[in-house]
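Asker: just coords:
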């Protein structure tokens, strides 16, 4: 069994690299995604006795490294760009986030007997992840103290449900089109999508920028922890979210290259640790209940989103892309719009999906603490 800290660090980084390689080169792995693959690889390493179950390396990754990931990913969000999504997409996305919150609260009430101590935690995590994406899943999950086994089971259910909802949003606008107003095409189709995503993901790393990002990340974490002592009722992750989002709007800091790739790297290292902390028996014990919990959240999300959108006279296509931006995040929203030939909705879907990273932590923790009091 590997327990040397240096060897464990080597295994974790190699496992992360393997997951990204598989996602890119193996068709079935590409459908699963690197984030779920690293959890599965970590679980295999742990359950087959290859790596130790506890280590200071895991604590370092789960603690400061993951906090840095949250800071860096939020620094990459330019809130001013969300206005380019247009009022219809913004309203549709707001409806989708509201529908997610209602679905998560309802699921917590329905499944409270199956998760007597964790229903409120799952409600918060599902609200976070279905208002933005994996960043919110991790942030809220850490803040509410979700166990490793429940985290892994919820992550698997989340990935499965996201895929199923992608299929639903591909066909629902076709089936329901006659019930909704016709979509008004934008004058300028999203020709700038490639430029926008390239600027986020393909920016070259520069030593100076990386050093500044490291200093800024630690400064935000220290300031957030200091504010937690001043205002104990506000979780540290909300202070991190607020300060990181604020820093991301400063023009000089927005020019720093590398925040997004560094954040994604550290986030996936954390997923390996989550996998290592997962036990097959525990995941199997809670797995089916977590799936039905997640299914109820997404089912209510879809029902409320499309019902309110019709009442607000939003077209079905915009509603579907906004819903996918909430449930799957910016990348799946853009993929949906592109797959269906709605080029004018690709960039707006991407933009509101990025905004979901900003609002998901607030929404997730608000629902978690509300349901904690209710339950």
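Answerer: Sure thing, it's come through. Remember, it's a predicted structure, so these values are computed and weren't measured experimentally.

Asker: how about residue 124: what's its closest non-neighbour residue?
Answerer: residue 368 (2.5 Å; CB to CB, 6 or more residues apart in numbering). Every C-beta, even on glycine, is put in place using the N, C-alpha and C of the backbone.

Asker: residues contacting that neighbour?
Answerer: 120-121, 123-125, 127, 140, 143-144 (CB atoms under 8 Å, 6 or more residues apart in numbering).

Asker: past the lowest-mean-pLDDT helix or strand in the chain, which element shows up next along the chain?
Answerer: The weakest-scoring helix or strand in the chain, judged by mean pLDDT, DSSP states H and E, is helix 193-201 (a mean of 46). Next along the chain after helix 193-201, taking DSSP states H and E as the criterion, comes helix 207-230.

Asker: what packs against that next one?
Answerer: Secondary structure elements in contact with helix 207-230, counted by 3 or more CB pairs under 8 Å, 6 or more residues apart in numbering; DSSP states H and E, are helix 66-75, helix 236-248, helix 259-276.

Asker: what pLDDT, on average, does the longest one get?
Answerer: Right, helix 259-276. The average pLDDT for helix 259-276 rounds to 84.

Asker: next structured bit after it?
Answerer: Beyond helix 259-276 toward the C-terminal end (DSSP H and E), the next one is helix 280-311.

Asker: could you do the shortest one as well?
Answerer: Later in the chain than helix 66-75, the nearest helix or strand by DSSP H and E is helix 87-110.

Asker: can you list the weak-confidence ranges in the stretch 1-150 of the chain?
Answerer: In the predicted model of the stretch 1-150 of the chain, residues 31-32 satisfy pLDDT under 70.

Asker: quick revisit: which of the contacts of residue 368 sit farthest apart?
Answerer: 123 and 143 (13.0 Å; CB to CB).

Asker: of those two, which one has the most company?
Answerer: Applying other CB atoms under 10 Å to residue 123 and residue 143 shows that residue 123 carries more neighbours, namely 34 against 22.

Asker: now that one, nearest residue through space, not along the chain?
Answerer: Closest to residue 123 by CB to CB, 6+ apart is residue 108, at 3.8 Å.

Asker: quick one: contacts of stretch 9-23?
Answerer: In contact with stretch 9-23 (CB under 8 Å, 6+ apart) are residues 2, 29-30, 32-35, 37-38, 41-42, 45, 50-51, 57, 61, 265, 268-269, 272-273.

Asker: at 7 Å instead, please
Answerer: With contacts defined as CB atoms under 7 Å, 6 or more residues apart in numbering, stretch 9-23 is touched by 2, 29-30, 33-34, 37-38, 41-42, 45, 51, 57, 268-269, 272.

Asker: which among those gets closest to residue 84?
Answerer: residue 33 (27.1 Å).

Asker: for that closest one, give me its contacts.
Answerer: Contacts of residue 33 (CB under 7 Å, 6+ apart): 23, 159.

Asker: wait, doesn't residue 375 sit right on residue 121?
Answerer: No - between residue 375 and residue 121 there is no contact under CB atoms under 7 Å: 10.4 Å.
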